[in-house]
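K.L.:
Task: produce atomic coordinates for the following.
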Amino acid sequence: MSKAIFITNVDGKPGKPGQVYYPLAVRTLPQPTPQGRELLVKLNAASLNHRDLFLRQHLYPGVTFDVPLGSDGVGTVVSVGPDVKNPQQWQGKRVILNPGLGWKDSPDGPEDPTGYKIMGGTKFYNKGTLQEYVTIDETEVEEAPEHLSDAEAAALPLTGLTGWRALVSKAGEKNSGKGAAVLITGIGGGVALTVLRFAVARGADVYVTSSSAEKIRKAVELGAKGGVSYKEEGWERKLLGMLPPEKKNFDAIIDGAGGDIIEKSVKLLKAGGVISVYGMTVSPKMPFLMQAVLKNIDVRGSTMGSRKEFKDMVEFVKQHKIHPVISRVLRTDLDDIASLDSLFDEMKQGSQFGKLVIEFGKLGGESKL
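P.N.:
So this is what the prediction gives:
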């Protein structure tokens, strides 16, 4: 049997978006049997993403009560389907799961006409990682980097993929590689911190913004050159003053907030600089100003990534021995709904610095890293 975490609909009626908070429920399911080229993976750990919170608030497309939550997971292959060509390649291996389907290798977006389908909690993809066992096609896993713990490996997939595409594929080598000046807004969330790790490893000079002096301090400890509070008046001038004398402007801004970043970019970015936007937590609109047009600034939307980008990202993590940033690891059994809820509460408050991770069946409380 396999325990799994779902959201549940208490009164039988769908809640109004943003006006509901679906409770968590544990269900016991039959242990799945791998078919065809599938692998049966015993999951060791999973991590939360904001989409899991949005699903509980009915703020995410395709909400369902019939698919376990969770997009990020790491586990051990315990059996293989009859059509797996080389069972010994996978048997007993620790793997991380590609968090989505429908996007092979196109640089433009998903090839599947129905779009990209992310694991966990929606009607579009019937698998999730908040469960003890899951089957998945052998083409949709990568061997977990040996230097990562289970918690770190579970923290990597969705934020790593999103951050890789935003920084590498969208901002480009010239604007995010060695010697480039990169600004990451809203440091503290999983994607922003992953971008920080990647950009530092690529040789870029990284600067950050946050409303928290403590988060800026921690970002500097992770390799950022400096940072400012975006609540300060004229923060963009202060940030430009931190650049080395030979650098007058930033090459790229990696943004997950939206709001007034295009207005600020006119001063911050070089001519032809890039804003790579992977989210809009502050505002659903970003006015594109004529000053930005005259400066040839590119605004590029970026979301998740392809199977190829996932593989490239994992290989980069292996090569550079990168460790995802983790805020808290909860070691618990999936029956412990109250402890799982505490992680969601932390996400709602926005107090975490890094990923929130659950290690299954490892009773013994929690750790803060």
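K.L.:
quick one, what contacts residue 263?
P.N.:
Residues near residue 263 by CB atoms under 8 Å, 6 or more residues apart in numbering: 287, 289. For every residue, glycine as well, the C-beta is placed using N, CA and C.
K.L.:
element containing it, please.
P.N.:
Secondary structure from DSSP states H and E places residue 263 in helix 261-268.
K.L.:
One more: residue 75?
P.N.:
Assigned by DSSP H and E, residue 75 belongs to strand 72-80.
K.L.:
Go ahead and name everything in contact with that strand.
P.N.:
Counting by CB under 8 Å, 6+ apart, 34, 38-49, 87, 90-97, 99, 129, 133-134, 138, 141, 144, 150, 153-159 sit against strand 72-80.
K.L.:
Which helix or strand lies directly C-terminal to it?
P.N.:
Past strand 72-80, further along toward the C-terminus, the next helix or strand under DSSP H and E is helix 87-90.
K.L.:
That next one: how far from the chain's middle?
P.N.:
28 Å (CA atoms, centre = their mean, to the nearest Å).
K.L.:
Kindly provide the whole-number mean pLDDT of it.
P.N.:
Helix 87-90 comes out with an average pLDDT of 94.
K.L.:
Kindly report the same for stretch 312-332.
P.N.:
Stretch 312-332 comes out at a mean pLDDT of 97.
K.L.:
one step back: among the contacts of strand 72-80, which are in strands?
P.N.:
38-47, 94-97, 133-134, 141 (DSSP state E).
K.L.:
sorry, back to before: how about the helix holding residue 263: buried residues?
P.N.:
Going by neighbour count (16 or more other CB atoms under 10 Å), the buried part of helix 261-268 is 261, 262, 263, 264, 265, 266, 268.
K.L.:
follow-up on the earlier one: which among the ones in strands among the contacts of strand 72-80 end up buried?
P.N.:
Using 16+ other CB under 10 Å, the buried ones in the ones in strands among the contacts of strand 72-80 are 38-47, 94-97, 133-134, 141.
K.L.:
ok so, going back, sheet partners, orientation included, of the strand holding residue 75?
P.N.:
strand 38-47 (antiparallel), strand 94-97 (antiparallel) (DSSP bridges).
K.L.:
Export these as CSV, with columns for mean pLDDT.
P.N.:
Formatted as CSV, the strands paired with strand 72-80 follow (pLDDT from 0 to 100):
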stretch, mean pLDDT
strand 38-47, 98
strand 94-97, 98
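K.L.:
Dump those strands into JSON lines; add distance to residue 25 as well.
P.N.:
As requested, those are exported to JSON lines (distance: least, CB to CB, whole Å):
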{"stretch": "strand 38-47", "distance to residue 25": "16"}
{"stretch": "strand 94-97", "distance to residue 25": "23"}
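K.L.:
Can you spell out the domain ranges of this protein, please?
P.N.:
The chain breaks down by automatic domain parsing into domains covering 2-156+324-367, 163-301.
K.L.:
Now for residue 53, how many residues are close by?
P.N.:
Close neighbours of residue 53, defined as other CB atoms under 10 Å, add up to 17.
K.L.:
try residue 333
P.N.:
So residue 333, with other CB under 10 Å, has 14 neighbours.
K.L.:
Then the one 5 residues further on?
P.N.:
By the measure other CB under 10 Å, the count of residues near residue 338 is 9.
K.L.:
How is it assigned, secondary-structure-wise?
P.N.:
What DSSP: H, G, I helix; E, B strand; the rest coil gives for residue 338 is helix.
K.L.:
give the contact list for it.
P.N.:
So residue 338 contacts nothing (CB under 8 Å, 6+ apart).
K.L.:
can you tell which of the domains of the chain is closest to residue 308?
P.N.:
domain 2-156+324-367 (4.0 Å; CB to CB).
K.L.:
Sticking with residue 237, tell me its helix or strand.
P.N.:
Using DSSP H and E, residue 237 falls in helix 235-240.
K.L.:
Could you do residue 228 as well?
P.N.:
Going by DSSP H and E, residue 228 is part of strand 226-229.
K.L.:
related to what we said a few turns ago, closest to residue 212 out of the strands paired with strand 72-80?
P.N.:
Per CB to CB, nearest to residue 212 of the strands paired with strand 72-80: strand 38-47, 21.3 Å.
K.L.:
What ranges does the chain have for its helices?
P.N.:
Ranges of helices in the chain, per DSSP state H, are 50-56, 87-90, 150-154, 157-164, 173-176, 190-201, 213-221, 235-240, 261-268, 290-294, 307-320, 337-349.
K.L.:
Can I get the strand holding residue 228 in CSV, CA atoms only?
P.N.:
Output in CSV follows, covering the C-alpha atoms of strand 226-229 (Å, rounded to 0.1, in the frame of the first residue of the first chain):
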residue,chain,number,x,y,z
GLY,A,226,25.5,42.9,-2.5
GLY,A,227,21.9,43.9,-2.3
VAL,A,228,19.4,46.6,-1.4
SER,A,229,15.9,46.9,0.1
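K.L.:
Distance-wise, check the nearest residue to residue 235 once chain neighbours are set aside relative to residue 242.
P.N.:
Leaving aside its sequence neighbours, residue 235 sits nearest to residue 228 (CB to CB, 6 or more residues apart in numbering; 4.6 Å). Distance, residue 228 to residue 242, using CB to CB, to the nearest Å: 8 Å.
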